[in-house]
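Participant: Predicted coordinates and the sequence they were generated for:
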Number of protein chains: 2
Amino acid sequence: MSKPIILTGDRTTGPLHIGHYAGSLRNRLRFQSDHEQFLLLADTQALTDNAHDPAKVRRNVIEVALDYLAVGIDPARTTICLQSHLPALAELSMLYLNFVSVARLERNPTIKDEIRARGFGRDIPAGFLCYPAAQAADITAFKATVVPVGEDQAPLIEQTNEIVRRINAVAGSDVLPEAKAVIPKSGRLPGIDGEAKMSKSGGNAIPLSASPDEISAAVKAMFTDPMHLRVEDPGRVEGNTVFAYLDAFDDATEEVEELKARYRRGGLGDQAIKLRLNDILQDLIGPIRQRRAELARQPDYVLDVIRSGTERAMLRTEATKRDVIEALGLFLL
Amino acid sequence: MSKPIILTGDRTTGPLHIGHYAGSLRNRLRFQSDHEQFLLLADTQALTDNAHDPAKVRRNVIEVALDYLAVGIDPARTTICLQSHLPALAELSMLYLNFVSVARLERNPTIKDEIRARGFGRDIPAGFLCYPAAQAADITAFKATVVPVGEDQAPLIEQTNEIVRRINAVAGSDVLPEAKAVIPKSGRLPGIDGEAKMSKSGGNAIPLSASPDEISAAVKAMFTDPMHLRVEDPGRVEGNTVFAYLDAFDDATEEVEELKARYRRGGLGDQAIKLRLNDILQDLIGPIRQRRAELARQPDYVLDVIRSGTERAMLRTEATKRDVIEALGLFLL
């Protein structure tokens, strides 16, 4: 019985942070044992809203690859590959655009939200509107059936499956499998300022390369309960970033629950919980930072990982392209 | 001094007809001596409004290639290549979609007209809306500077050049040349029923493989002046399909002008001008039909032409893709 195929990846727009660690990287470490895992360095997709700054997209290919390797992604068990160097993804994207209407893309809730968030207004780049078809190409080119996504991205998988069903209908055979969205149980980690979205550009992220001082400073600045002024006051746990992080990273779940109870009652200061979180984050990020720095001194090794992963991915995606062309009965020289 | 590069081609949705001969094939025969000419068998573009019928698109790859060779396109001087087998075209298309807004595509007059003509309504396939970006990829991948198009297609070249200017601006160098639309002096040949558009699906075309009987029948059925009932009546030349065809195919221009004058005065019957046209079309199509039939018996030769042309085109388009990636400073493994 072959392992289920899983596809994930990251736009190469910046180094990854502990929000990525909590939301996806950690799960990917587990997936490598029981799934055939492909990780896409999504530089092509990154361009859909960064076409004005290709240098950023290029630079972060290596940064994201370093993050993958530093957290423990094992290139012998996970295929790390570069989206822009897999022509079948572009070819399938262009094909799939014929199987989805403009109106359907515009109705996609994820796209609607993201268009709003990016303030594109009337000037939505066509590539951005079309990226759900490109994502369908990514997923199906690997014949991935498992796709971990945030809750807000689930409509993209539904869109992928609509395209899959249309292709299969015209082909008269199930040449492509449908994919299942796997939404992680843990919600999204807030930024250190308590904002829902942690991002480098928002200045509220802790990168995986953070120094001990940067970690301490971030924890010190972390948003808690603004009404919790004195240690003896009752405090709020909900919306308290420190507790959100303890929930995400502290393995001693029962102790955390006790701390929450004490915090709610009053008598537990922000400093105490921040000290605890600081220790945990130092322990988590310390080894990652160290491996990352070592790897950064071996650029040839990192390039080799990307190159050999991309070659492996090439075989897979070219085979799928051929399958689709044959199933649809298109011309094959 | 190197020859200017010219790109043209045809969607592979049906065999070509004498409308294509008058409007483009004839010019291409001339271009092969003083231009570096690429002819695209546009199967990918054909799918943008034929995704439901891939078999038709496949079948007509060979039909169109046969038409090219039959009229005298010389594969030693013109590169005949297959769009779907040139991955750089899809890759550049996806890239260019980031350099054009959805609103701009929707404003394109050609796209607007074609959407109306096809009756897509709200269900425009995304691939159809995006095809100007794909066409920009085709043109620029060959670094073509000369693009013969019908008058109604000129806005597509303007769109291509807008994308070129944006790419060059982000790259900070003129990595891509702008293209010039060349609009043939002879207007579009009407269908035999007098309708503006000749098409196989409209049943008003004379295919390049037409038999002598089919040619005669088409000329007999040809639309003239419905008010010109008796030979001695004055007749109208404008909107008279037989004269439109004589203008397109009869080299004895002065004689044709005299015939027009006589027809206008009265005293020249439809039968006489139709006889003349029939002779001309039999002489034109006869040798084409014959060569076409011979070539159709050598499918391996035709495939070889497409294969070697596509290989040549591959080198060219991959080189351009690399140029663009380097100029934009994107990642290159």
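Facilitator: Cool, got the structure.
Participant: check whether the helix or strand of chain A with the lowest mean pLDDT contacts chain B.
Facilitator: Lowest by mean pLDDT, DSSP states H and E among the helices and strands of chain A is helix A:109-118, with a mean of 86. No. Counting by Cβ under 8 Å from any Cβ of the partner chain, chain B is not contacted by helix A:109-118; separation bottoms out at 9.8 Å. Every residue, glycine included, has its C-beta placed from N, CA and C.
Participant: what secondary structure does the residue lying closest to residue A:266 once chain neighbours are set aside sit in?
Facilitator: Ranked by Cβ to Cβ, 6 or more residues apart in numbering or on different chains and with sequence neighbours excluded, the top spatial neighbour of residue A:266 is residue A:234, at 4.3 Å. State at residue A:234, reduced to three classes by DSSP: H, G, I helix; E, B strand; the rest coil: coil.
Participant: count of neighbours near residue A:234?
Facilitator: Counted by other Cβ atoms under 10 Å in any protein chain shown, the residues lying close to residue A:234 total 13.
Participant: Next, find the distance separating it from residue A:250.
Facilitator: 22 Å (Cβ to Cβ, to the nearest Å).
Participant: same deal with residue A:58?
Facilitator: To residue A:250, residue A:58 is 37 Å away according to Cβ to Cβ.
Participant: again, but for residue A:262
Facilitator: For residue A:262 relative to residue A:250 (Cβ to Cβ), the value is 15 Å.
Participant: Compare these two and say which is more crowded by neighbours.
Facilitator: Legend: neighbour count by other Cβ under 10 Å for residue A:262 and residue A:250, higher for residue A:250 (18 against 14).
Participant: quick one: that one from residue A:266, how far?
Facilitator: Using Cβ to Cβ, residue A:250 is found at 21 Å from residue A:266.
Participant: for the residue of chain A most remote from its centre, what are its contacts?
Facilitator: The outermost residue of chain A, judged against the average C-alpha position, is residue A:232 (40.0 Å), by Cα atoms, centre = their mean. Listed by Cβ atoms under 8 Å, 6 or more residues apart in numbering or on different chains, the contact partners of residue A:232 are A:266, A:267.
Participant: Do you have the helices of the stretch 51-200 of chain A handy? List them.
Facilitator: A:54-71, A:87-96, A:102-107, A:109-118, A:126-129, A:131-141, A:154-171 (DSSP state H, counting those that start in this stretch).
Participant: Is the last one in proximity to chain B?
Facilitator: Yes. Judged by Cβ under 8 Å from any Cβ, helix A:154-171 and chain B are in contact via residue A:170.
Participant: Now do the buried residues in that helix.
Facilitator: A:154-157, A:159-164, A:166-168, A:170-171 (16 or more other Cβ atoms under 10 Å in any protein chain shown).
Participant: Keeping just the C-alphas, turn it into PDB.
Facilitator: Provided in PDB are the C-alpha atoms of helix A:154-171 (Å, rounded to 0.1, in the frame of the first residue of the first chain):
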ATOM      1  CA  ALA A 154     -10.400  25.500   2.200                       C
ATOM      2  CA  PRO A 155     -12.400  27.000  -0.700                       C
ATOM      3  CA  LEU A 156      -9.300  26.700  -2.800                       C
ATOM      4  CA  ILE A 157      -9.400  23.000  -2.400                       C
ATOM      5  CA  GLU A 158     -13.100  22.900  -3.300                       C
ATOM      6  CA  GLN A 159     -12.200  24.900  -6.500                       C
ATOM      7  CA  THR A 160      -9.400  22.400  -7.300                       C
ATOM      8  CA  ASN A 161     -11.800  19.500  -7.000                       C
ATOM      9  CA  GLU A 162     -14.300  21.300  -9.300                       C
ATOM     10  CA  ILE A 163     -11.600  21.500 -12.000                       C
ATOM     11  CA  VAL A 164     -10.700  17.900 -11.400                       C
ATOM     12  CA  ARG A 165     -14.200  16.800 -11.900                       C
ATOM     13  CA  ARG A 166     -14.500  18.800 -15.100                       C
ATOM     14  CA  ILE A 167     -11.300  17.400 -16.500                       C
ATOM     15  CA  ASN A 168     -12.300  13.900 -15.600                       C
ATOM     16  CA  ALA A 169     -15.700  14.400 -17.200                       C
ATOM     17  CA  VAL A 170     -14.300  15.500 -20.500                       C
ATOM     18  CA  ALA A 171     -11.600  12.800 -20.300                       C
END
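Participant: Report the angle between that helix and helix B:54-71.
Facilitator: Going by axes from the mean of the first three to the mean of the last three Cα atoms, to 10 degrees, helix A:154-171 is angled at 60 degrees with respect to helix B:54-71.
Participant: and helix A:154-171 with helix A:87-96, angle?
Facilitator: Orientation check (the same axes, to 10 degrees): helix A:154-171 against helix A:87-96 gives 80 degrees.
Participant: For the stretch 151-300 of chain A, give me the ranges with low pLDDT.
Facilitator: Within the stretch 151-300 of chain A, no stretch has pLDDT under 70.
Participant: what does it put close to chain B?
Facilitator: So the stretch 151-300 of chain A meets chain B at residue A:170 (Cβ under 8 Å from any Cβ).
Participant: mind listing the strands for the stretch 151-300 of chain A?
Facilitator: Secondary structure of the stretch 151-300 of chain A (DSSP state E, counting those that start in this stretch): strands at A:180-182.
Participant: For chain B, give me its nearest residue in it.
Facilitator: Proximity of the stretch 151-300 of chain A to chain B (Cβ to the nearest Cβ) peaks at residue A:170, 6.3 Å away.
Participant: Does that residue touch residue B:51 like I think?
Facilitator: Yes. Residue A:170 is within contact range of residue B:51, at 6.9 Å (criterion: Cβ atoms under 8 Å).
Participant: Now do the shared contacts for these two.
Facilitator: Common contacts of residue A:170 and residue B:51 (Cβ under 8 Å, 6+ apart): residue A:99.
Participant: Helix, strand, or coil at residue A:9?
Facilitator: Residue A:9 ends up strand, using three-state DSSP.
Participant: From chain B, how far off is it?
Facilitator: Counting by Cβ to the nearest Cβ, to the nearest Å, the separation of residue A:9 from chain B is 14 Å.
Participant: Now residue A:210. Nearest residue, chain neighbours left out?
Facilitator: Distances taken as Cβ to Cβ, 6+ apart put residue A:285 closest to residue A:210, at 5.7 Å, once the chain neighbours are dropped.
Participant: ditto for residue A:244
Facilitator: Residue A:244 sits nearest to residue A:190 (Cβ to Cβ, 6+ apart), 5.6 Å away.
Participant: go on, residue A:12?
Facilitator: Closest residue to residue A:12 apart from its sequence neighbours, by Cβ to Cβ, 6+ apart: residue A:60 at 4.0 Å.
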